[in-house]
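A.B. asks: when you get a sec, could you give me coordinates for this:
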Amino acid sequence: MQGTTFRKGLGMHAFSDVEYLLGRRRSTVTAQVGVDGVLRADSGVVTGTMAAKPVQANVSGADQVRLVVTDGGDGINSDHAD
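C.D. replies: Purely as a prediction, here's the structure:
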């Protein structure tokens, strides 16, 4: 994302999703793109020429958080999330 480097991360390609178990021990999730479940936050389409979009979602009482990567509306070619 515009040359931003992160110490840790996860790379995915559309269409994909990953779930993290929270065990009801967390109250917020902070991400640079988007967080779903019961839709709590949506980043919209983010392109490689855009800076990272900070997103925060209230996950109080949730057992898990699900991160989802979809296409940009024009097929899955070049649709990645890091």
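A.B. asks: CA atoms for contacts and neighbours, from now on please.
C.D. replies: Will do.
A.B. asks: moving C-terminal of the helix or strand of the chain with the lowest mean pLDDT, what's the next helix or strand?
C.D. replies: Sorting the helices and strands of the chain by mean pLDDT, DSSP states H and E puts strand 28-31 at the bottom, at a mean of 69. The first helix or strand that comes after strand 28-31 along the chain, using DSSP states H and E, is strand 55-58.
A.B. asks: other SSEs contacting that next one?
C.D. replies: Contacts defined by 3 or more C-alpha pairs under 8 Å, 6 or more residues apart in numbering; DSSP states H and E place strand 55-58 against strand 28-31.
A.B. asks: where does the chain dip in pLDDT?
C.D. replies: By pLDDT under 70, the low-scoring segments of the chain are 1-4, 29-38, 82.
A.B. asks: please redo it, this time with the cut-off set to 50
C.D. replies: Where the chain drops to pLDDT under 50, the residues are 1, 33-35.
A.B. asks: tell me how far residue 54 lies from residue 23.
C.D. replies: Applying C-alpha to C-alpha, to the nearest Å, the value for residue 54 to residue 23 is 24 Å.
A.B. asks: since that was my last question, I'll sign off now.
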